[in-house]
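Q: pasting the sequence and the predicted model now:
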Amino acid sequence: MTFQRIGGLAALVCGATYLIGFALLVTLLAPLGFGTKEIDARAVVDFIDTSPGILIAWNTTIYVVNALALAVLVMALSLRLSKATPGWASAAQAFGLIWAALVLGAGMMANVAVVRASHVYATDPEAAAQLWDVLHSVELGLGGGNEIAGGIWILCVSIAGLVGRSIARAIAVLGVLTGFGGLATIVPALGDTAGAIFGLGAIAWFLAIGAVLAIGRRPA
């Protein structure tokens, strides 16, 4: 199996982690307010006390597994882009690895927050809620609450794909729109809407890129 095909599988894994994350977000985790500004820290630590494994599994999927697969995809796409646009490929690789590192850090912070809150909850639920809220804020700062790093990486890859014709035009255009959606999360008033655009666009983009790389299709 070539590294390009491995990169394709990594892209499909990235898309799958987003799908799994959204599925849990709108079902089991919906009452807690995840993904909104109305998140209830006390409700979260109550949930952690009864079902810590669910949050650990969710964090591990959307952050840790995603970051590891993302690092492989970044390298595979850099190799693909370097033949036609070496400069853009280098920039994309740098931004992509930065994003992967931030996502991995956010995942480790999110899991530490669950473990620490669980320990404190036994003696002081209110203190556990405050501790989780603080650690959750750090998690959001690393990458869970904005998509700037991801937006700039997808944007760089897509522009390189358009310039060098190394990615199908439709996929590259989708990537450009998704990338701008990620960058727009820096504006507080647009945060939720832009985040949703980025998330849904990224799912489609990852799956499309994955399919192209996995079947070994050569650049046009």
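A: That came through fine.

Q: list phi and psi for Ile39.
A: Dihedral pair for Ile39: phi -60, psi 140, per degrees, to the nearest 10.

Q: which SS class is the residue located most distally from the centre of the chain?
A: For the chain, the residue at maximal distance from the C-alpha centroid (Cα atoms, centre = their mean) is Thr123, at 34.3 Å. Here Thr123 is recorded as coil under DSSP: H, G, I helix; E, B strand; the rest coil.

Q: show me the contacts for it.
A: By Cβ atoms under 8 Å, 6 or more residues apart in numbering, no residues touch Thr123. C-beta coordinates here come from the backbone N, C-alpha and C atoms, glycine included.

Q: what does Ile215 give?
A: The contact partners of Ile215, by Cβ under 8 Å, 6+ apart, come to Gly8.

Q: mind redoing it with 7 Å?
A: The contact partners of Ile215, by Cβ atoms under 7 Å, 6 or more residues apart in numbering, come to none.

Q: from Gly8, how far off is it?
A: To Gly8, Ile215 is 7 Å away according to Cβ to Cβ, to the nearest Å.

Q: now do the phi/psi pair for Asp124.
A: Torsion angles, degrees, to the nearest 10, at Asp124: phi -150, psi 90.

Q: can we start the residue count at 472 from this point?
A: With 472 as the first residue, the last one maps to Asp595.

Q: please tell me the pLDDT value assigned to Glu618.
A: What the model reports for Glu618 is a pLDDT of 87.

Q: now this structure, which segments are flagged as low pLDDT?
A: 472, 506-508, 615, 687-691 (pLDDT under 70).

Q: would you list every one of the helices in it?
A: All helices of the chain, identified by DSSP state H, fall at 474-496, 512-521, 523-530, 537-553, 557-592, 596-610, 619-635, 640-654, 662-685.

Q: tell me how far the fifth one lies from the chain's centre.
A: In this case it means helix 557-592. In terms of Cα atoms, centre = their mean, to the nearest Å, the centre of helix 557-592 is set 9 Å apart from its chain centre.

Q: the third one too?
A: Here helix 523-530 shows a centroid-to-chain-centroid distance of 16 Å under the convention Cα atoms, centre = their mean.
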